[in-house]
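Peer 1: here's my sequence, what's the structure:
(one chain, ligands or ions: 1)
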Amino acid sequence: MRIFHTSDWHIGRTFHGYSTLDAARTVLGAIPGLVSELGIDVVIVAGDVYDVTNPSAESTQVLQQAIVAIREAGALVVVLSGNHDSATKLGFAGPFSAAYGLHLLTQASEVGSPVELADEHGPVDIYGIPYLQPELMRRQPWVGEQARTQHDVVSAAMDVVRSAIERRGSDRRGSERRRSVVVAHTFVAGAESESSDSERAITREPLKAGGVDAVPVSVFEGVDYAALGHIHSRIQLSDAVRYSGALMHYSFKEAGKPRGGWLVDIGADGLDSVEWVDLPVPRPLKEITGQLNDLLLSEEWEPYKDHYVKATYTDDTKQMDPLRKLRTRFPWCAEVIHRPSNDHEASTASYRERVQGKSDTEVFESFLEDVRNGEGSSEQESRIFAEVLSEYEATEQSR
Ligand SMILES: [Mn+2]
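Peer 2: Model (predicted):
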């Protein structure tokens, strides 16, 4: 059986205010071609299919078109709910969509009830562990009252999966080995360094070194393959435990990282091979750095005019309207940062210390240096200041 493991489609997400729906259509539109070309049997989406619990009408159309096209190309579709999805809304059609070949895995109560698929070697069971919020899971008979973390609930869910595998293994016929795949949306240890700011935190202390609330990779022992979702980067935690990463780039931290999915071959005896397959990147991300004028004029940046651009300009002082200027050259400039190349050391002295015994002109001069990163007054500015000051003094005296 050949599986295409994807995750985190985040249909409907905006990128710095830009809609990504057209890009999503393009990327998802490439999957049916892969299905026929590579003979994919099942396309998995390991959670966060939508970006929000209440997706727009247009977002639902994009998802529907993608699923229909994949089904028409001949693959089944397995969709898990993630922390961005409403499990109830996404799962609404579950009981009857399965008859069409769209399996919606959204219910915690169903973690021990796999989708039963089969190939020429016999059955392949697909278990789903949707995003589980510990506080809401305590009523599940298989979750303890004490469950507090992702580690607690996902371990408990995998215990349920392993007992189901054991139970079902006993009704095997002949020499057939019942193979199993789990699809899960959670934070697994080892993924910390690849985590970016485009994933909404689901663990209590996601940034603490060692990931106090990350699920250990060993929790996924006992299945032939674990198709993970949540982290937006491609990560191989072991041969059989992997993140595919998100469908598109949703943060500049992900710039240049591969986008696509894992092509997973399950053979007669379990996992045969796993290979990476790229998906198109309709609008790549590029970070550019330099003096504002250089960014606006240098030939070096010409290839990036259709990229999403994050521009860092290094002029000593803040420039007027940098975003508007940059967008004349880079219409998809999403973010502008000012990082002066020489950082003037701001005085740590108190205001009183800084002005004590100084003339008005000296105070004016040091004020400018402070707010303009070390740049004092120009000749013209000094002249204007002197004029204003003498006018002021003249009025004061005539009172
Ligand atoms: Mn996500």
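Peer 1: where does this protein have low pLDDT?
Peer 2: Along the chain, the parts satisfying pLDDT under 70 run over 170-176, 203-212, 344-347.
Peer 1: who in it is up against the ion?
Peer 2: 8, 48 (Cβ under 5 Å from the ion). The C-beta positions use only the backbone N, C-alpha and C, and glycine is treated the same way.
Peer 1: show me where the chain has helices.
Peer 2: 21-29, 31-38, 57-73, 87-91, 94-97, 134-137, 150-169, 292-297, 322-329, 351-355, 360-371, 379-398 (DSSP state H).
Peer 1: adding mean neighbour count, write the ones you listed out as TSV.
Peer 2: Listed next are these as TSV, based on neighbours: other Cβ atoms under 10 Å:
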stretch	mean neighbour count
helix 21-29	18
helix 31-38	17
helix 57-73	16
helix 87-91	18
helix 94-97	13
helix 134-137	15
helix 150-169	19
helix 292-297	17
helix 322-329	15
helix 351-355	11
helix 360-371	15
helix 379-398	11
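Peer 1: nearest to residue 226, out of these?
Peer 2: With Cβ to Cβ as the measure, helix 150-169 is the member of the helices of the chain nearest residue 226 (9.1 Å).
Peer 1: extract the C-alpha trace of the closest one and format it as CSV.
Peer 2: Output in CSV follows, covering the C-alpha atoms of helix 150-169 (Å, rounded to 0.1, in the frame of the first residue of the first chain):
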residue,chain,number,x,y,z
GLN,A,150,0.0,15.9,25.7
HIS,A,151,2.3,13.2,26.9
ASP,A,152,-0.4,11.8,29.2
VAL,A,153,-3.2,11.8,26.7
VAL,A,154,-1.3,10.6,23.6
SER,A,155,0.4,7.8,25.6
ALA,A,156,-3.0,6.7,26.8
ALA,A,157,-4.3,6.8,23.3
MET,A,158,-1.4,4.7,22.0
ASP,A,159,-2.0,2.2,24.7
VAL,A,160,-5.6,1.9,23.3
VAL,A,161,-4.2,1.5,19.8
ARG,A,162,-1.7,-1.2,20.8
SER,A,163,-4.4,-3.2,22.6
ALA,A,164,-6.6,-2.9,19.5
ILE,A,165,-3.7,-4.1,17.3
GLU,A,166,-3.1,-7.1,19.6
ARG,A,167,-6.8,-8.0,19.8
ARG,A,168,-7.3,-7.7,16.0
GLY,A,169,-4.1,-9.5,15.3
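Peer 1: in stretch 220-232, what counts as buried?
Peer 2: For stretch 220-232, the neighbour count (16 or more other Cβ atoms under 10 Å) marks 220, 222-232 as buried.
Peer 1: now the stretch 101-250 of the chain against the ion: closest residue?
Peer 2: Here the residue of the stretch 101-250 of the chain nearest the ion is residue 199; by Cβ to the ion that distance is 5.1 Å.
Peer 1: number of residues surrounding that residue?
Peer 2: Here the number of neighbours of residue 199 (other Cβ atoms under 10 Å) works out to 23.
Peer 1: let me see the contact set for it.
Peer 2: Counting by Cβ atoms under 8 Å, 6 or more residues apart in numbering, residue 199 touches 8, 230-232.
Peer 1: let's see 6 Å
Peer 2: Residue 199 makes contact with residue 232 under the criterion Cβ atoms under 6 Å, 6 or more residues apart in numbering.
Peer 1: please renumber the chain so that the first residue is 476 from this point on.
Peer 2: New numbering, starting at 476: the last item is residue 674.
Peer 1: for residue 582, see how far away it is.
Peer 2: 23 Å (Cβ to Cβ, to the nearest Å).
Peer 1: okay, now the domains of the chain?
Peer 2: For the chain, automatic domain parsing gives the domain ranges 477-753, 760-813, 826-873.
Peer 1: quick one on the thing from earlier: can I get the buried residues of stretch 695-707 in TSV including distance to residue 630?
Peer 2: Converted to TSV, these look like this (distance: Cβ to Cβ, whole Å):
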residue	distance to residue 630
695	10
697	12
698	14
699	19
700	18
701	13
702	18
703	15
704	18
705	16
706	18
707	24
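Peer 1: which of those fall within strands?
Peer 2: Applying DSSP state E to the buried residues of stretch 695-707, the entries found in strands are 700-704.
Peer 1: quickly note the distance from residue 803 to the ion.
Peer 2: 34 Å (Cβ to the ion, to the nearest Å).
Peer 1: ditto for residue 550
Peer 2: For residue 550, the distance to the ion - Cβ to the ion - is 22 Å.
Peer 1: repeat for residue 869
Peer 2: 66 Å.
Peer 1: dump the residue contacts of that residue.
Peer 2: Neighbours of residue 869 in contact, by Cβ under 6 Å, 6+ apart: none.
Peer 1: give me the distance between it and residue 834.
Peer 2: 17 Å.
Peer 1: doesn't residue 691 make contact with residue 664?
Peer 2: Yes - Residue 664 lies in contact with residue 691 (Cβ atoms under 6 Å); the separation is 5.2 Å.
Peer 1: give the contact list for residue 624.
Peer 2: Here residue 624 is in contact with residue 688 (criterion: Cβ under 6 Å, 6+ apart).
Peer 1: to clarify, my last question referred to residue 666.
Peer 2: By Cβ under 6 Å, 6+ apart, residue 666 lies in contact with 706, 710.
Peer 1: tell me how far it lies from residue 706.
Peer 2: 5 Å.
Peer 1: same question for residue 836.
Peer 2: Residue 836 is 58 Å from residue 706, by Cβ to Cβ.
Peer 1: what's the answer for residue 752, then?
Peer 2: Counting by Cβ to Cβ, the gap from residue 752 to residue 706 is 18 Å.
Peer 1: again with residue 756
Peer 2: Distance from residue 756 to residue 706, by Cβ to Cβ: 18 Å.
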